[in-house]
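> Just to be clear, the model below is a prediction. Sequence and coordinates:
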Amino acid sequence: MRILIANDDGYLAPGLAALVKACEGLGDLDIVAPEQNASGTSNSLTLGRPLSVHTATNGFLYINGTPSDCVHLALTGVLPNRPDLVVSGINNGANMGDDTLYSGTVAAAMEGFLFGIPAIAFSQVQKGWGDLEAAARVARSVIERVLQQPPARSPFLLNVNIPNRPDADTLPRIVTRLGRRHASEPLIAQTSPRGDIMYWIGPAGDAREAGPGTDFHATANGQVSITPLQVDLTEHAALPDWTQWLGRAPA
């Protein structure tokens, strides 16, 4: 068993170290992570400049690129052996609902999935690394479960969100769907010392679809959320309507 571990918070992030420790003894581990925090980079690949791979003092490989860069390079030449599983995290903050489209943590796992490798993304619901050891125990138990009892659908892509609680490893696990958020809060404008206006992306909005069955509902009610994801963004149910629309003569 060979496991590739990545993240989006950077190779020095506590969440990455915790996930690596959680995976010890499960197989041969390869760690490839961004040089710097790359949160919110989604599935972007760096195409306009070369990338460099370095080895940290702890043996982790780090790359001056995105989470997707890290996994892509690992799978296409940096690593001599193909992994059996890709895991990403543990992220500093939730990746639920619409946030998964922006998440570098989910993107790193998705890059493995795109190469036909089972993959899991792990995130803590709140920022700050609180109760990280408990979250790591959850991550290990989920990984052990998929290794000992491989899902019928493979490769798979799972998005796991873990409440920041010291008893997180004892909480129920529930399979969920993605909820929805309101649009982001307004941008934040600031004036630089030189008088230029600078803008920050506003904070994420509140959840607007967070009922039973969603990832938001599960974590808010003391459960570990496990959401199976897919890459196909096609609105399959709407295909007949669009075909009918296209076939109508213009008015």
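Structure's in. What do you need? None of the values given here were measured: they were computed from a predicted structure.

> Every contact and neighbour count from this point should use C-alpha atoms.
Noted.

> Next secondary structure element downstream of the strand or helix carrying residue 62?
Assigned by DSSP states H and E, residue 62 belongs to strand 61-63. Sequence-wise, the next helix or strand downstream of strand 61-63 (DSSP H and E) is helix 67-73.

> Spell out, range by range, the helices that occur in the stretch 1-150 of the chain.
Using DSSP state H, counting those that start in this stretch, the helices found in the stretch 1-150 of the chain span residues 14-23, 67-73, 104-114, 132-148.

> Identify whichever of these lies nearest to residue 85.
Of all those, helix 104-114 sits nearest to residue 85, with 8.0 Å by C-alpha to C-alpha.

> helices or strands next to the closest one in the packing?
With contacts defined as 3 or more C-alpha pairs under 8 Å, 6 or more residues apart in numbering; DSSP states H and E, helix 104-114 has these neighbours: strand 2-6, helix 67-73, strand 85-91, strand 119-124, strand 157-162.

> Tell me the helix or strand right after the last one.
Using DSSP H and E, the next helix or strand after strand 157-162 towards the C-terminus is strand 173-175.

> now what about that following strand, what contacts it?
Residues from elsewhere that reach strand 173-175 (C-alpha atoms under 8 Å, 6 or more residues apart in numbering): 213, 218, 223, 224, 225, 226, 227, 228.

> Distance check, the fourth one against residue 68.
Just to be clear, that refers to residue 224. As for residue 224, its distance to residue 68 is 25 Å (criterion: C-alpha to C-alpha, to the nearest Å).

> before we move on, what about residue 148?
For residue 148, the distance to residue 68 equals 27 Å [C-alpha to C-alpha].

> What of residue 250?
43 Å.

> higher neighbour count, these two?
Using other C-alpha atoms under 10 Å as the criterion, residue 250 and residue 68 rank with residue 68 on top: 30 against 6.

> quick one: contacts for the more buried one?
42, 43, 44, 45, 104, 107, 108, 111.

> Same list, those, but as TSV with neighbour count please.
Below are these laid out as TSV (neighbours: other C-alpha atoms under 10 Å):
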residue	neighbour count
42	22
43	20
44	16
45	14
104	31
107	27
108	32
111	22
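
> which one is residue 203 nearest to, not counting chain neighbours?
Nearest residue to residue 203, sequence neighbours excluded (C-alpha to C-alpha, 6 or more residues apart in numbering): residue 185, at 5.4 Å.

> burial count for that neighbour?
12.

> is it true that it touches residue 200?
No - using C-alpha atoms under 8 Å as the test, residue 185 is too far from residue 200 to be in contact (10.8 Å).

> Counting neighbours, what do you get for residue 49?
Neighbour tally, residue 49, other C-alpha under 10 Å: 7.

> heads up, I number from 18, so please use that
Noted, 18 is the first residue going forward, which turns the last one into residue 66.

> Now do it against residue 90, distance only.
Applying C-alpha to C-alpha, the value for residue 66 to residue 90 is 14 Å.

> same check, this time on residue 204
34 Å.

> okay, the two: which has more neighbours?
The residue with more neighbours, out of residue 204 and residue 90, is residue 90; 15 against 11, by other C-alpha under 10 Å.

> circling back: which of the helices of the stretch 18-167 of the chain sits most buried?
Neighbour counts (mean count of other C-alpha atoms under 10 Å) averaged over each of the helices of the stretch 18-167 of the chain peak at helix 121-131, with a mean of 28.

> Would you mind checking the average pLDDT for that helix?
For helix 121-131, mean pLDDT is 97.

> try stretch 20-36
Taken as a whole, stretch 20-36 has an average pLDDT of 97.

> Pipe the helices and strands packed on helix 121-131 into CSV and attach distance to residue 209 per row.
Below are these laid out as CSV (distance: least, C-alpha to C-alpha, whole Å):
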stretch, distance to residue 209
strand 19-23, 35
helix 84-90, 30
strand 102-108, 31
strand 136-141, 33
strand 174-179, 37
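
> of all the ones you listed, which lies closest to residue 226?
strand 174-179 (16.7 Å).
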